[in-house]
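1. return a 3D structure for these sequence lines:
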Amino acid sequence: MGAVGAAQAAIPSNIQFDGYCDGMTGLAKVGTGATGTWSNLDCAGTNAAVGGPQGKGKGESAVGFIMGSYGANVYGAEFTWVVNKDGTWTVYRANDGAYINHGTWSAVAEGAAPRGGKPSVAK
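-> Okay, here's the model as predicted:
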């Protein structure tokens, strides 16, 4: 059990949303927040900047990242993810806070092949 806890003690720099074509790359802590890239956001190779504070998702005991998209405006909205250290994520529509989707993430090498045919923000 100690190895599992240690493996999920931090969010890696490159994650894939399990079962979806998109993920985040280049995640890096910056002060009390984080920055990175929402990669392959439309399953066609488009990327957008993301960033935000560190914080706890609802019901989470560990601090993760709350990452918002900047200027992507895909599917008619901007999005905010809560990326938790336990390997889970939830995404909301940023303009009204509406719940969109949730799932798990896995650490991947940068440039890894997508694992799904639709993005995390499309149900």
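2. for the chain, name the helix or strand with the lowest mean pLDDT.
-> For the chain, the helix or strand with the lowest mean confidence is helix 2-7, at a mean of 35 (criterion: mean pLDDT, DSSP states H and E).
3. can I take it that Trp38 is in a helix?
-> No - the assignment for Trp38 (DSSP: H, G, I helix; E, B strand; the rest coil) gives strand, which keeps it out of a helix.
4. which strand residues bridge it?
-> Met24, Ala48 (DSSP bridges).
5. roughly how far does it sit from Arg93?
-> Trp38 sits 14 Å away from Arg93, going by CB to CB, to the nearest Å. C-betas here are computed from N, CA, C, even on glycine.
6. quick one on the thing from earlier: immediately after the least confident helix or strand of the chain, which helix or strand?
-> strand 15-17 (DSSP states H and E).
7. may I have the strands that pair with that following strand, each with its orientation?
-> strand 23-30 (antiparallel), strand 99-107 (antiparallel).
8. for Gly33, give me its contacts.
-> Contact criterion CB atoms under 8 Å, 6 or more residues apart in numbering gives Gly51, Gly52, Pro53, Gln54, Phe65 as the residues in contact with Gly33.
9. what's the most distant pair in these?
-> Gly51 and Gln54 (11.2 Å; CB to CB).
10. so between these two, which is more surrounded?
-> Gly51 (18 against 15; other CB atoms under 10 Å).
11. please name the nearest non-neighbouring residue to that one.
-> Spatial nearest neighbour of Gly51, chain neighbours left out: Thr35 (4.2 Å); criterion: CB to CB, 6 or more residues apart in numbering.
12. number of nearby residues for that neighbour?
-> 17.
13. that one should be in a strand, yeah?
-> Yes - the secondary structure assignment for Thr35 places it in a strand, going by three-state DSSP.
14. so where's the protein uncertain?
-> Within the chain, the segments meeting pLDDT under 70 span 1-9, 57-62, 123.
15. any idea how far apart the tips of stretch 11-21 sit?
-> Across stretch 11-21, the terminal residues are separated by 19 Å (CA to CA, to the nearest Å).
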